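Chemist: okay, structure incoming, though there's no sequence with it:
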């Protein structure tokens with residue numbers, strides 16, 4: 001029989017792209033009336049957002065410009081994630097190249113936590129994907145146009161994730 005790790009000891013990680021200029025994809029209108037909105041012509045900036053999801057909520061958030069690199073991910077683990085890890089916790093993340101850096105394994109193991117990688121192409125096993133879906137809906141609703149307003153919106157959105165909601169995300173993924 002397989003030994004289960006209690007959900008309270010699981011820490012799920014991932015990153016997602018966020019942009020200035022995210023807009024709603026749909027809207028409400030009267031029956032048979034087209035809903036119309038406008039999007040100003042402009043160049044939007046893309047950023048990477050990463051954080052961890054636990055049964056207690058979202059933790060260690062970071063926004064950085066551009067795509068994720070191994071160096072940036074290792075710096076985030078060292079400065080933001082590792083100080084929050086406890087002995088016996090299990091860090092679970094996907095199999096992308098920046099996550100496979102040996103520095104990540106060393107930093108996580110130094111805290112007494114374990115490191116597990118999800119099988120390739122299995123976002124359905126990572127509860128943080130559900131949190132990111134809600135987060136992007138909130139970002140579209142806010143329609144931030146600058147980096148500063150995007151960061152403010154992200155900070156406000158993070159407060160809208162309750163521990164019970166994060167527990168439900170984890171339970172929904174089978175943990």
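Modeler: That came through fine. What you are looking at is a predicted structure, and each value in this text was computed from that prediction instead of being measured.
Chemist: what's the pLDDT at residue 138?
Modeler: On pLDDT, residue 138 comes in at 83.
Chemist: so what's it up against?
Modeler: Counting by CB atoms under 8 Å, 6 or more residues apart in numbering, residue 138 makes contact with 153, 157, 160. C-beta: built from backbone N, CA, C; applies to glycine.
Chemist: in a markdown table: these, plus distance to residue 105.
Modeler: A markdown table is the format used below for the contacts of residue 138 (distance: CB to CB, whole Å):
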| residue | distance to residue 105 |
| --- | --- |
| 153 | 34 |
| 157 | 31 |
| 160 | 33 |
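Chemist: which of those residues count as buried?
Modeler: Using 16 or more other CB atoms under 10 Å as the burial test, these include 153, 157 as buried.
Chemist: check the gap between the residue nearest to residue 72 when sequence neighbours are not counted and residue 6 for me.
Modeler: Counting by CB to CB, 6 or more residues apart in numbering, residue 64 is the residue found nearest to residue 72 once chain neighbours are left out, at 5.9 Å. Separation of residue 64 from residue 6 (CB to CB, to the nearest Å): 32 Å.
Chemist: the more surrounded of the two?
Modeler: residue 64 (16 against 10; other CB atoms under 10 Å).
Chemist: for the residue in the chain sticking out farthest from the centre, phi and psi?
Modeler: For the chain, the largest distance from the centre (CA atoms, centre = their mean) belongs to residue 32, which lies 37.5 Å off. Recorded main-chain torsions at residue 32 are phi 70, psi 10, according to degrees, to the nearest 10.
Chemist: and residue 147, by the same measure?
Modeler: Backbone torsions for residue 147, taken as degrees, to the nearest 10, come to phi -60, psi -40.
Chemist: that one touches residue 47, doesn't it?
Modeler: Yes - assessed by CB atoms under 8 Å, residue 147 is found in contact with residue 47 at 7.3 Å.
Chemist: need the contact partners of the helix or strand hosting residue 154.
Modeler: Assigned by DSSP states H and E, residue 154 belongs to helix 147-158. By CB under 8 Å, 6+ apart, the residues outside helix 147-158 that reach it are 18-20, 45, 47, 49, 51, 58, 61, 63, 135, 138-139, 142, 144.
Chemist: what are the buried residues along whichever strand or helix holds residue 140?
Modeler: For residue 140, the host element (DSSP H and E) is helix 128-142. Of the residues in helix 128-142, 128-132, 135-136, 138-139, 142 count as buried by neighbour count, 16+ other CB under 10 Å.
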